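Sharing a sequence plus its predicted fold:
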Number of protein chains: 2
Amino acid sequence: MTPKEYDLIIHNGTAVTVNAGFDIIDSALICIKEGVIVSIKARTGGTPLPETVEAINADGGIILPGLVNTHTHLPMTLFRGLADDLPLDTWLNEHMFPAESEFITPENVKWGTLLACLEMLLSGTTTCGGGYFLEDDVAAAVAQTGMRAVLGQGVIDFPAPGVPEPALNVAHAAGYVDKWMDQAATVTPSIFCHSPYTCCAKTLTAAKDAANRKGVLFQVHVAETKQERENSFKEHGLSPVGYLDSLGILDENTLAVHAVWTDKTDIRILEERRVKISHNAESNMKLAAGIAPVPAFLDAGLTVGLGTDGCASNNDLDLFGEMDSVAKIHKATTLDPTVMGAATVLKMATINGARAIGLGNVTGSLEPEKQADIIVVKTSQPHLVPLYSPESHIVYSMRGADVSDVIAGGKILVRDRQPVHLDQERIIGKVIEIAGRIKSKYK
Amino acid sequence: MTPKEYDLIIHNGTAVTVNAGFDIIDSALICIKEGVIVSIKARTGGTPLPETVEAINADGGIILPGLVNTHTHLPMTLFRGLADDLPLDTWLNEHMFPAESEFITPENVKWGTLLACLEMLLSGTTTCGGGYFLEDDVAAAVAQTGMRAVLGQGVIDFPAPGVPEPALNVAHAAGYVDKWMDQAATVTPSIFCHSPYTCCAKTLTAAKDAANRKGVLFQVHVAETKQERENSFKEHGLSPVGYLDSLGILDENTLAVHAVWTDKTDIRILEERRVKISHNAESNMKLAAGIAPVPAFLDAGLTVGLGTDGCASNNDLDLFGEMDSVAKIHKATTLDPTVMGAATVLKMATINGARAIGLGNVTGSLEPEKQADIIVVKTSQPHLVPLYSPESHIVYSMRGADVSDVIAGGKILVRDRQPVHLDQERIIGKVIEIAGRIKSKYK
């Protein structure tokens, strides 16, 4: 038997490539071989499809790069809706920290992570970034799913699940990075310091040094709340961003997560150091942290990706909903309807998200030689009719539930809205079981 | 044949009643006869179901009152995504007004309205308010669908579709109200003055007088933008709310739509006059109007419902997405995570929305003697697992696409996510045809 020319072809849809020219290709034909996009072009009427092992007909819908969620804490799906609408300290100290200390075990982390991957894949996200405790178990679960991910082992100056002795935190994270460096094609390890207020200067610099030695992304929550900024000035005489800069933490391999309370001076530092930003609008709103000055970040030329944050503070992992929120909220706060246009926001959820977590050459756009991380959205439903502009629909009208097919690294992971490999019923059953135990204790 | 005891029973779900005590009933059994809820209670294990013509098994999901969208312009589905991210005057004068003047015909209004009803029903909205031009055609289309609606004939001091002579506007609206007063069980007529800046004092007072004589709701856009407020002070020496009050327009049968730019004095007036408020958060954000001071409205005891506004400024009619936005945005602007809790927001999208448009005794909660306007949401999907709190899930995690069954006035309008009576394919086909003509001209 002669081998087929391609492994997978996606056709009969409008491809929104999110390439440098933001090309939109009607009647697109995307040819994939060995997990990689070989070609993407318009199919002229009547041309026969090339020989292929599998083909996906987009039915006149929209074909997009898989979305990139730059920040989440995967196992926190276990705590979705456990505690809402509370002051931050009550939420953290009376709900999240106790629940984490008791229920973040390797087994529970595995099932929470699988549920998160299932939810993300079904809503069109093929790549995620972030970190948590027990990241070795998170990485093992993610690797099973076929999703692409940059996963940081959490570092914090408190006893934490998996690392009861804080002094060993950085060494533990470095060991995790070594283990996962070439373990799975789709998983890239990283180090994630929780924040400048939960890690001392020594921890922060040691963790960044370790990340640099290993050549991996360094992630850190920074300037999330007003209180954090005020305390930083009191303690260090510097803003949170200024303080991290004084420690030499900030460079192009650092992802600053949140960056809500940042002023012009901070933005100049972030710009000079070429720091990447993860913007988590819905989480920042729900926890009443505030709204990051993203239009100013973009004016400064910063690379900004979107993140949903964990399920306990959102409460979902749907990047379509996040795009809609991001496109709207900054218009309201600046009173300028021209900021954060649909194409800008779509880039943040795809190519700029990929760049933010160090995967800009791998994913985030539909271009030859990139990994085939692709989603198909059918547009035949009432809320997507009529269609004047694909990017407007993607940002303002689509929801995760509209995604019909999801491909990562050339593998079909979701087909006609159903997961292909993951056992949805079993994962849900396990999480409901775990949640029953959490509920009996913390609700 | 003996007649069955009930026409419809809904069972095996958690009913979030949104009654005065916000009762949540596990294993609920809701019995319906002649369109009305006869009883709602917990079904004790093993009790056989009463005799009924039809039954809906909620499969352990959540049963809710149908959502109430207090403000939209139904036919504007035709313009969904036609023009986004533009300054308000460019959007209105170069896109919306020209498109409306050419394409708002009785035939087009009918198909745009049917598409809107389809979208709303499929996403769990059973009642809507609002208004537009050619409202007679809108009402005729809505009446076909089985949705409940309070529909206002638009009044504006410009030549408008259906009323080329502005001087005849109020008389035209009064005639429309007479015609629809007892025309359809589910349609209630109303008068909708566009705004204090597009209607002169004489038009506003004449229209309000007509509404009072007929005993119907008077709707008006007010204080939507900062510019409107500034101009109002220049022209009348009063805020938009103060100006309407000076004309005697404000009372408990007036729905103030938007009310974004309102200060303490305005809120005191709205409170004294017992004016109802329609809060359209996503539209206000997208058009960069700003964010209404809703926590202050609630502190003042005002009745506030939610609205999506028209599809050209949102760009969808999904009240689940709107609830999520509303619950989050006010936390971000007040920096207080305890404002706009999930239960508060759910009430705005149901019972308080119903009260805002004058249907508080008819719909908006699951209670005996109310109309059976009910929706069922299955909770077996990954993004709704686990479930600690139904109201948290409804507001923060659910989307319109999660709604499986929709009942209005006891009639099943959506079953297993599919419209029962409406011909979805035909409606979509017609709208695509109309949009093709719009696109060739304005895109």
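Thanks, I have it. Residues are numbered from 1 along each chain as shown, chains lettered A, B, ... in the order given.

Let's check: the centremost residue of chain A is which one?
Central residue of chain A (C-alpha atoms, centre = their mean): residue A:69, 1.7 Å from the mean position.

Surely that one is in contact with residue A:314?
No - checked against C-beta atoms under 8 Å, the pair residue A:69 and residue A:314 is beyond contact range at 10.7 Å. The way it works is simple: take the backbone N, C-alpha and C, and place the C-beta from them, glycine included.

Low-confidence ranges, the stretch 1-150 of chain A, go.
A:1-2 (pLDDT under 70).

can you give me the helices for it?
Along the stretch 1-150 of chain A, counting by DSSP state H, counting those that start in this stretch, helices occupy A:88-90, A:97-103, A:106-122, A:135-145.

tell me, what's touching residue A:69 and residue A:314 both at once?
Listed as contacting both residue A:69 and residue A:314 by C-beta atoms under 8 Å, 6 or more residues apart in numbering or on different chains are residue A:308.

The helices of the stretch 1-150 of chain A: which one's closest to chain B?
In terms of C-beta to the nearest C-beta, the element of the helices of the stretch 1-150 of chain A nearest to chain B is helix A:106-122, at 4.2 Å.

quick one: is that closest one near chain B?
Yes - residues of helix A:106-122 contacting chain B under C-beta under 8 Å from any C-beta of the partner chain: A:115, A:118, A:119, A:122.

For the closest residue to the first one other than its chain neighbours, list the residues it contacts.
Counting by C-beta to C-beta, 6 or more residues apart in numbering or on different chains, the nearest residue to residue A:115 once its immediate chain neighbours are dropped is residue A:77, at 4.6 Å. Contact criterion C-beta under 8 Å, 6+ apart gives A:112, A:113, A:115, A:116, A:119, A:310, A:311, A:317, A:431, B:385, B:386 as the residues in contact with residue A:77.

What is the nearest of the residues you listed to residue B:12?
residue B:385 (17.8 Å; C-beta to C-beta).

residue contacts, residue A:254?
Taking C-beta under 8 Å, 6+ apart as the criterion, residue A:254 is in contact with A:208, A:217, A:218, A:219, A:220, A:273, A:275, A:276.

Cross these against helices and list the overlap.
With helices taken from DSSP state H, the overlap with these comprises residue A:208.

Strands - which of the contacts of residue A:254 land there?
A:218, A:219, A:220, A:276 (DSSP state E).

Next one, pLDDT for the second one please.
Just to be clear, that refers to residue A:219. The confidence metric pLDDT takes the value 98 at residue A:219.

That one is in contact with residue A:151, isn't it?
No - using C-beta under 8 Å, residue A:219 is not in contact with residue A:151; the gap is 9.7 Å.

Those two - which one has more neighbours?
Between residue A:219 and residue A:151, counted using other C-beta atoms under 10 Å in any protein chain shown, residue A:219 has the larger neighbour count: 32 against 27.

Just list whatever residues bridge to the closest residue in space to the residue nearest to the centre of chain A that isn't next to it in sequence.
Distances taken as C-beta to C-beta, 6+ apart place residue A:128 nearest to residue A:69, at 4.4 Å, with adjacent residues excluded. For residue A:128, the beta-bridge partners under DSSP bridges are residue A:69, residue A:149.

Residue A:128: how many residues sit nearby?
Using other C-beta under 10 Å, residue A:128 has 27 other residues around it.

At the contact with chain B, which residues of the stretch 101-250 of chain A appear?
Applying C-beta under 8 Å from any C-beta, one finds that the stretch 101-250 of chain A approaches chain B through A:115, A:118, A:119, A:122, A:123, A:226.

Tell me how far the first one lies from residue A:349.
So the one you mean is residue A:115. Distance from residue A:115 to residue A:349, counting by C-beta to C-beta, to the nearest Å: 22 Å.

before we move on, what about the fourth one?
To residue A:349, residue A:122 is 16 Å away according to C-beta to C-beta.

and the closest residue to chain B within the stretch 251-400 of chain A, what is it in contact with?
Taking C-beta to the nearest C-beta as the measure, the stretch 251-400 of chain A has residue A:386 as its residue closest to chain B, at 3.2 Å. The contact partners of residue A:386, taken as C-beta under 8 Å, 6+ apart, are B:77, B:78, B:80, B:81, B:431, B:432, B:434, B:435, B:438, B:439.

ok, now residue A:442?
A:82, A:83, A:95, A:98, A:99.

Ok, residue A:260 next?
Counting by C-beta under 8 Å, 6+ apart, residue A:260 makes contact with A:223, A:224, A:225, A:284, A:289, A:290, A:291, A:292.

which one of the residues you listed sits closest to residue A:357?
Sorting those by distance to residue A:357 puts residue A:292 at the head of the list, at 17.3 Å, by C-beta to C-beta.

For the contacts of residue A:254, pick the one with the most neighbours.
Counting neighbours by other C-beta under 10 Å, residue A:219 leads the contacts of residue A:254 with 32 neighbours.

hang on, isn't residue A:57 packed against residue A:12?
Yes - contact criterion C-beta under 8 Å: residue A:57 and residue A:12 qualify, at 5.0 Å.

Comparing the two, which shows the higher neighbour count?
Comparing residue A:57 with residue A:12 by neighbour count (other C-beta under 10 Å), the higher total belongs to residue A:12, at 18 against 14.

so what's that one up against?
Taking C-beta under 8 Å, 6+ apart, one finds A:27, A:43, A:57, A:58, A:59, A:60 in contact with residue A:12.

how about those in JSON lines, adding distance to residue B:424?
Shown next, in JSON lines, are these (distance: C-beta to C-beta, whole Å):
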{"residue": "A:27", "distance to residue B:424": "25"}
{"residue": "A:43", "distance to residue B:424": "29"}
{"residue": "A:57", "distance to residue B:424": "21"}
{"residue": "A:58", "distance to residue B:424": "20"}
{"residue": "A:59", "distance to residue B:424": "15"}
{"residue": "A:60", "distance to residue B:424": "16"}
